[in-house]
Structures are given as structure tokens and as C-alpha cells.
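Trainee: Any chance you could fold what I've pasted below:
(one chain, ligands or ions: 2)
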Amino acid sequence: MSTEFTCRICCLGAGYVGGPTMTVIAKMCPDIKVTVCDLSERRIAAWNSKSLPIYEPGLQEIVEGARGKNLFFSTDIDAAVREADIIFVSVNTPTKKSGIGAGQAADLQYWELAGRHIASIAEGPKIIVEKSTVPVKTAAAMARVLESNSKFAFEVLSNPEFLAEGTAVEDLLRPDRVLVGGEQTPAGLAAIDKLANIYRRWVPTEKVLTTNLWSAELSKLTANAFLAQRISSINSISALCENTGADVDEVAHAIGVDSRIGPKFLRASVGFGGSCFQKDILNLVYLCRSFGLPEVANYWEAVITMNNWQKQRFAEKMVSAMFNTVSGKKIAVLGFAFKKDTGDTRETPAIHVCEQMIKEGAALSIYDPKVTVEQMNYDLGSPSPDKVCMEQDAYVACAGAHAIAVLTEWDEFKTLDYSRIYTSMVKPCFVFDGRNILDHAKLRQIGFQVFAIGKSFSNETVLD
Ligand SMILES: NC(=O)c1ccc[n+]([C@@H]2O[C@H](COP(=O)([O-])OP(=O)(O)OC[C@H]3O[C@@H](n4cnc5c(N)ncnc54)[C@H](O)[C@@H]3O)[C@@H](O)[C@H]2O)c1
Ligand SMILES: O=c1ccn([C@@H]2O[C@H](COP(=O)(O)OP(=O)(O)O[C@H]3O[C@H](CO)[C@@H](O)[C@H](O)[C@H]3O)[C@@H](O)[C@H]2O)c(=O)[nH]1
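Mentor: Residues are numbered from 1 along each chain as shown. Ligands and ions are numbered 1, 2, ... in the order given. Just a heads-up that it's a prediction; the model follows:
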């Protein structure tokens, strides 16, 4: 292939962020060579195959269009780092499981190891880009790690990623904004400009925001905290709706048309999931406590408390509605991913609800169009097959069940033939719609007992 590339980019971490982000840069900048690296040979092999390691609508086509031309997936980290002008670090930064800050602080071991590795093999100056979500001031720690282990000059930039799973390609092609933070020195400003100019190839200039390092790092945590807060807020109101006869969708619409509030992220649900919201808020909470701001920490922690309560409340509602016992009953679970259009199950509320049902003695049959059987087994701690079975078809999952729980808002669940499903189920048949996506009036007409989030648990058949 041509050696005429104008710039060489390398990305450490070929996950949900590194893979799609680099793929879109490669598509939009054919003159830039982009190499995405990972320690996991399996993951890299999948990126180089026909079945990519992650599912994102539209991603496959773009990967296939650029792979082998200016987009490469490799485990040869050293070679990619050596030749790169710009190195993105997009490794995982999960919540710490043990030691100081366990359960809250971000585990920065992968991030620091990546930094040390870069310093040990770099043969010249580089721009290092924080793509991972990290605590404020991580860039300073990274700069020290690099400086102490290399004679070359490194500029560390913060370029947090705001893509959401399921819409990653669209979010990357048409972002609301791109944020680049860096040191406010001549070298720092030059590095900011170099990275910002890459994005400006396809993102309108006014949407490419440049800030100091700490603002960029903190903006990422703050954005996720605000988004999750909206969901917890509407979920808290959903409980009140169930007790008062108000309808949470009507309330969300009525407040969302106020342009100061806006309509997005007001869908009441069984709870938010995903690898980011909980982790990043806990990270923010930990940061506030370490800066001696317990009131601020408590304020944001309540977003998580409300989310945990919502998941538990949903599970308890299922049990109480089904005559206070689900023991020996079959429950069909429709949807296991944390949201539609992804196979990702990290922190999915389905895990909590399923675990509660298993504890109560129910037998589960789970169907999700994108989550693999292996993944569900792993998430549920390899349950015995007589307690949990994974089906490849929603109708098979529902046959013989006492209840259906909709835990992910997959579009295909809206158009299932519920009359057919009703006929195949044990009576009375219950539907627990954890995403408010089904036509509840129609289900009641068929004969289902319907529970939906933020709606009265009224089971009278609605007659036209
Ligand atoms: N998932 C999202 O939607 C999303 C969105 C925005 C930001 N983020 C943030 O981006 C970061 C990455 O998230 P993700 O979901 O892509 O994680 P991920 O777990 O899918 O991918 C991270 C990858 O990094 C690899 N890795 C770890 N250390 C490495 C090293 N030294 N060299 C090379 N590869 C290494 C791991 O093997 C793994 O494949 C996290 O900080 C996350 O908070 C995630
Ligand atoms: O009105 C809503 C919107 C979302 N959700 C749930 O919230 C969770 C998160 O959804 P979403 O934010 O769409 O997906 P993520 O991929 O987790 O993306 C979030 O987390 C990423 C990682 O930091 C950020 O980059 C994104 O900007 C941010 O939206 C999912 O369980 C959704 O079902 C609701 O319950 N109600």
C-alpha cells in the first residue's frame, strides 16, 4: 500500500470506542493511516474477519471499505506506536474492584500501563490523546509517567468520546460536538490544533470545541451525570404516576415540550444500564469526596440510588402482581442487552431483574436478537439449564410462560403477534413492559394483565 500517508495514527484499545472511532477517522481521512491495536488477539482477529467483535448499525460496511487501505487492526503495538504521530489511548477504565476507592474510583491500571508502554518504545515526540473516560487530572499523571520514562516530548490531549452504543456510527459522523482539551502553552495549543484539524475535515468548525485539559476531562463525566440524572428523575416520577393515575409518558411529553427542558432522555424505564453511566457517576462521586465536597458527592450518588431502586421496584412489582409468588412459574424475558441495537450487556438492568426472578424460584426463557447465549450465561453466573434457557425465537421463549418481561426496547418486540403468544401462554397471562414500547390497550383487549412503567396497574379490558 502507498507510503504517501500525511499522518499516522495509532489507537490502543480496539473496543466499543476505539474500533468505531478509528474506523470513522479512516473513512473520512483516506490520507491518514490508522492502526487500531489491542492486547487481545481474539478481538483483533475478529476486527480482521467478517464478524466484527461488536455490533453497530452501519459499522461493517465502513470497516470493509477502509480495512487494508488506510485502516489496520493489529496486535503489533510496538510497530504502530513507533510510526505514529498521534496515539489515542482508548483502553478500559472500569470501576475499581478492590483497594482504596473500591466500588467507586476508576481503575487506571490499563491506562497507566499503556502510557508506560508508549514511553518505553517511542523513538520520537508524540501527541497522546486521552480517549478513555478518566478522572479529572489524569492527563497530568500521564504526562509525568511519559516524561519520567522517555527523553522525548509528549503533548497529552483530552478528547473524550460522546458516542452512544447502537448509534455509534451516526454519532461519529454527525456529532453534536467534538471536544479537544490541552495545555494552554504554544506546544499544547499546536497539538490541540493538529487534532482539531483532523475532526474539522467532516465536523463543522463551530462544533469542534477546544478547552483546557481539566475542562475537557470534567465535561465528559458531567455530560454522563446530567444524562443519567434525567433518566433517574423521570423514573422517580414514574413511581408517583403509578400511585396517582398520572401517565409518565404524558408527563414526559408535557415537560419535554418546554424548550428549556427538551424532550430527550425522558423515557421512563426499568433503569439505565451500559458500561458508562454508573461507572462515570461513581467516578465523579469519588472525585468529589476526595476534594472534600461530600454534599456534591451525595447529590450525584442519588442518581445511582434511584436507578438501583427502579430495577428492584420493577422486580418486586412482577412478584407482587403474580400473586406474590413466581416460584415454579416460567417467565419469558424479551431483551437482555442494555439498550436496543447493541449486543452489549454491561450493567444491563436485565441482569438484576433475572437474578431476582431466579432467587424467587422462577424459570426463565430469554430471547435477545443480538446477545449471545455464552454472554447471557456468563452474566447470570452459568445458571442450570432447568432454571434458565436462552431461545433463538421470541415465540418459543413465550410459549408456556406465565408472564413476559420486556427488558430491552428492540423494535421487533412491537410487532410480534401477541394474540398468537397469548394462546400459547398459561392464564392469566402477564406482561411487564419495562420499556413502555408495547400497545398496552391492545394487549389488554387480547386478555393480558399489563404492568407498564409509570402507568396505573389497571387491568380492565379496554373496549373501544
Ligand atoms: N462504550 C462506550 O459507549 C463508551 C463511550 C464513550 C467513552 N467510553 C470510554 O472509553 C473507554 C473504552 O471503552 P470501551 O467500551 O471501548 O472498552 P472495551 O473494554 O470495549 O475496550 C477496551 C480495550 O482496550 C484493550 N486494552 C487494554 N489495555 C491495553 C493496552 N495496554 N494496549 C492495547 N489495548 C489495551 C482491551 O483489551 C479492550 O479490548 C472507557 O474509558 C470508557 O469509559 C466508552
Ligand atoms: O430516556 C432514556 C434514555 C436512555 N435510557 C437508558 O439509559 C442507558 C444508556 O443509554 P444511552 O445513553 O443511549 O447509551 P450509552 O451507550 O450508554 O451512551 C452513554 O454513555 C456513553 C459512554 O460514556 C456516552 O458516550 C454517551 O454520550 C451516553 O449517552 C440505556 O440502558 C438506555 O436504555 C433510558 O432508560 N431512558
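Trainee: Residue 43: neighbouring residues, count only.
Mentor: Residue 43 is flanked by 21 other residues according to other Cβ atoms under 10 Å. For the C-beta atoms, the positions are set from N, CA and C on the backbone; glycine is no exception.
Trainee: An error on my part: the question was meant for residue 212.
Mentor: The burial count for residue 212: 15, using other Cβ under 10 Å.
Trainee: Residue 68 now?
Mentor: 11.
Trainee: The one 3 residues further on now?
Mentor: A count of neighbours around residue 71, defined by other Cβ under 10 Å, yields 25.
Trainee: Look up how far residue 30 lies from it.
Mentor: Note on residue 71: its distance to residue 30, by Cβ to Cβ, to the nearest Å, is 10 Å.
Trainee: And residue 72, by the same measure?
Mentor: Counting by Cβ to Cβ - residue 72 and residue 30 are separated by 14 Å.
Trainee: cool, residue 39 as well?
Mentor: 28 Å.
Trainee: do the same with residue 290
Mentor: In terms of Cβ to Cβ, residue 290 sits 45 Å off from residue 30.
Trainee: And for residue 222?
Mentor: From residue 222 to residue 30 the distance is 35 Å (Cβ to Cβ).
Trainee: Check residue 14 too.
Mentor: Applying Cβ to Cβ to residue 14 and residue 30 gives a distance of 20 Å.
Trainee: So for the two, which sits in the more crowded spot?
Mentor: A direct count of neighbours by other Cβ under 10 Å for residue 14 and residue 30 places residue 14 higher, at 27 against 15.
Trainee: ok, the more buried one touching residue 45?
Mentor: No: in this structure residue 14 lies outside contact range of residue 45 using Cβ atoms under 8 Å: 10.6 Å.
Trainee: and residue 431, what is it in contact with?
Mentor: 403, 404, 406, 438, 440, 443, 448, 449, 450, 451 (Cβ atoms under 8 Å, 6 or more residues apart in numbering).
Trainee: of all these, which comes closest to ligand 1?
Mentor: residue 406 (22.9 Å; Cβ to the nearest ligand atom).
Trainee: ok and the residue in the stretch 1-150 of the chain nearest ligand 1?
Mentor: residue 15 (1.9 Å).
Trainee: and this structure, which residues reach ligand 1?
Mentor: With the criterion set to Cβ under 6 Å from any ligand atom, the chain comes near ligand 1 through 12-18, 37-40, 43, 77, 90-93, 110, 113-114, 117, 132-133, 161, 163, 165, 275-276.
Trainee: repeat that with 5 Å
Mentor: 12-13, 15-17, 38-40, 91-93, 110, 114, 132-133, 161, 165 (Cβ under 5 Å from any ligand atom).
Trainee: Whichever residue of the stretch 301-450 of the chain sits closest to ligand 1: neighbour count?
Mentor: Here the stretch 301-450 of the chain gets closest to ligand 1 at one residue, residue 344, 7.3 Å apart by Cβ to the nearest ligand atom. By the measure other Cβ under 10 Å, the count of residues near residue 344 is 22.
Trainee: Out of the contacts of residue 431, grab the one that's most surrounded.
Mentor: Result: residue 404 is most packed of the contacts of residue 431 (other Cβ under 10 Å), 28 neighbours.
Trainee: I'd say that one and residue 426 touch.
Mentor: No: taking contacts as Cβ under 8 Å, residue 404 lies outside contact range of residue 426: 11.4 Å.
Trainee: which phi and psi does residue 212 have?
Mentor: phi -80, psi 170 (degrees, to the nearest 10).
Trainee: Return the distance of it relative to residue 182.
Mentor: Counting by Cβ to Cβ, the gap from residue 212 to residue 182 is 7 Å.
Trainee: For the longest helix along the chain, list every residue counted as buried.
Mentor: Longest helix in the chain, counting residues (DSSP state H): helix 213-244. Residues of helix 213-244 classed as buried under the neighbour-count rule (16 or more other Cβ atoms under 10 Å) are 213, 216-221, 223-225, 227-239, 241-242.
Trainee: immediately after that helix, which helix or strand?
Mentor: Heading C-terminal from helix 213-244, the first helix or strand you meet, by DSSP states H and E, is helix 248-256.
Trainee: Mind checking if that next one is in reach of ligand 2?
Mentor: No: on the criterion Cβ under 5 Å from any ligand atom, helix 248-256 is out of touch with ligand 2, staying 8.4 Å away.
Trainee: With stretch 158-176 instead?
Mentor: Yes: applying Cβ under 5 Å from any ligand atom, one finds stretch 158-176 in contact with ligand 2 at 162, 164, 165.
Trainee: Can you tell me which of those has the most neighbours?
Mentor: Result: residue 165 is most packed of the residues of stretch 158-176 next to ligand 2 (other Cβ under 10 Å), 24 neighbours.
Trainee: mind checking how far that residue is from residue 448?
Mentor: 31 Å.
Trainee: Same question for residue 190.
Mentor: Applying Cβ to Cβ to residue 190 and residue 448 gives a distance of 63 Å.
Trainee: try residue 309
Mentor: In terms of Cβ to Cβ, residue 309 sits 26 Å off from residue 448.
Trainee: One more: residue 16?
Mentor: The value you get for residue 16 to residue 448, if Cβ to Cβ is used, is 36 Å.
Trainee: OK, contacts around the closest residue to residue 424 other than its chain neighbours?
Mentor: Distances taken as Cβ to Cβ, 6 or more residues apart in numbering put residue 399 closest to residue 424, at 4.2 Å, once the chain neighbours are dropped. Listed by Cβ under 8 Å, 6+ apart, the contact set of residue 399 reads 421, 424, 425.
Trainee: and if we set it to 10 Å?
Mentor: By Cβ atoms under 10 Å, 6 or more residues apart in numbering, the residues touching residue 399 are 330, 332, 365, 391, 393, 420, 421, 423, 424, 425, 426.
Trainee: Are any of these buried, and if so which?
Mentor: Here, 16+ other Cβ under 10 Å leaves 330, 332, 365, 391, 421, 425 buried among the contacts of residue 399.
Trainee: Go through the residues you listed and say which is closest to ligand 2.
Mentor: Closest approach between the buried ones among the contacts of residue 399 and ligand 2, by Cβ to the nearest ligand atom: residue 332, at 19.7 Å.
Trainee: that older thread, shared neighbours, residue 212 and residue 182?
Mentor: Shared contacts of residue 212 and residue 182, counting by Cβ under 10 Å, 6+ apart, come down to 139, 158, 188, 192.
Trainee: Residue 44 touches residue 67, doesn't it?
Mentor: No: using Cβ atoms under 10 Å, residue 44 is not in contact with residue 67, being 11.9 Å away.
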